[in-house]
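Participant: Take a look and give me a structure for this.
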Amino acid sequence: MKIIPEVKCRRCGESFPALRSSCPNCGTRRVAQSTRTPAPTPSTTAGTVAYERANVNTKWQMIFGLILVAAVILAVIVMVSTGLNDDSYGAKTKPTKAPTAASTEAPDVAPTAEPVPTPTPSPTPTIQTLEIRYKWDERKLTDITMKIGEEVPMFAAIMPVDIKGTVKWRIDDEGKDAFQIIEEEDNHVTIRCLGRLPEGCGGVYLYAEVYGQTVKCMLHVNPNS
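Facilitator: Numbers count the residues shown, from 1 in each chain. The predicted model follows:
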């Protein structure tokens, strides 16, 4: 049994005799424990103003703590009751109704309109010959003299004969007062002589046009008519 008590170094933890003033291991000085008793403060002394004030503060702190706890409990109760009233909070999933026959049927869909095919244009017929002829004897006309009041039926001869087309007939503007187209049907026409041509004009042309080809015949007015 050791007579001299030992103490531990507050730095390295090495034990050494209490008679030494420093640790033999690290040299840290030993601090002697104070034996003084701290003096009481006014707030711990009964009968003082500070003691009464401390008691009052303690009471208010307890009251405030109770109020705070009550507010937290009330907030929790409100949150729980609100969650119970909400269908989406803890509610069971409602069963989905089985689809009816009407709902399972495919919706009416308007049929997709098929595109209208673009018609292929017919190729332009190839005309070998185009002539203006008399209607009654089919002689080719390139120049004709007519009397005033005379009417001459003509037609446009298209070769090959199996080519059909609408012939456009016209007369030079200078002859609009001297000649008139009175009948026109397909490739047939009737020309009427109305009067004399303008002075200095010896004749005007009659034109027949079809499929991009044109043929003409000179028209004169008989001066003795």
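Participant: number of nearby residues for Q180?
Facilitator: Per other CB atoms under 10 Å, the neighbour tally for Q180 reads 15. To be clear about C-beta, it is placed using only N, CA and C from the backbone, and glycine gets the same treatment.
Participant: in the protein, which helix has the most residues?
Facilitator: Assignment by DSSP state H gives helix 49-85 as the longest helix of the chain.
Participant: In it, which residues are buried?
Facilitator: For helix 49-85, a neighbour-count test (16 or more other CB atoms under 10 Å) marks nothing as buried.
Participant: try stretch 7-16
Facilitator: Buried residues in stretch 7-16, counting neighbours by 16+ other CB under 10 Å, are found at 7, 9.
Participant: Show me the beta-bridge partners of T145.
Facilitator: H220 (DSSP bridges).
Participant: hmm, I was thinking of F16
Facilitator: Under the criterion used here (DSSP bridges), F16 is bridged to V7.
Participant: Please apply the same query to T129.
Facilitator: On the basis of DSSP bridges, T129 is bridged to M159.
Participant: pretty sure it is touching A157, no?
Facilitator: Yes: if you go by CB atoms under 8 Å, T129 and A157 touch, sitting 7.4 Å apart.
Participant: So which of these two has more stuff around it?
Facilitator: Using other CB under 10 Å as the criterion, T129 and A157 rank with A157 on top: 16 against 11.
Participant: and that one, what does it touch?
Facilitator: 129-133, 138, 140, 187 (CB atoms under 8 Å, 6 or more residues apart in numbering).
Participant: Point out the least confident member of the residues you listed, please.
Facilitator: Minimum pLDDT across the contacts of A157 is recorded for E138, with 82.
Participant: what's the neighbour count on it?
Facilitator: A count of neighbours around E138, defined by other CB under 10 Å, yields 10.
Participant: From V152, how far off is it?
Facilitator: 14 Å (CB to CB, to the nearest Å).
Participant: ok, now S22?
Facilitator: For S22, the distance to V152 - CB to CB - is 157 Å.
Participant: Please apply the same query to N187.
Facilitator: 15 Å.
Participant: just to revisit the earlier point, so which of the contacts of A157 wins on neighbours?
Facilitator: Greatest neighbour count in these, by other CB under 10 Å, goes to I132: 23 neighbours.
Participant: Can you spell out which helices and strands pack onto the helix or strand containing that residue?
Facilitator: Element membership for I132 (DSSP states H and E) is strand 129-134. Other elements packing on strand 129-134 under the criterion 3 or more CB pairs under 8 Å, 6 or more residues apart in numbering; DSSP states H and E are strand 151-159, strand 204-210, strand 213-221.
Participant: between these, which gets nearest to S122?
Facilitator: strand 204-210 (14.4 Å; CB to CB).
Participant: State the distance from the residue nearest the centre of the chain to T126.
Facilitator: Taking CA atoms, centre = their mean, the centroid of the chain lies closest to T112, which sits 21.6 Å from it. According to CB to CB, T112 and T126 sit 42 Å apart.
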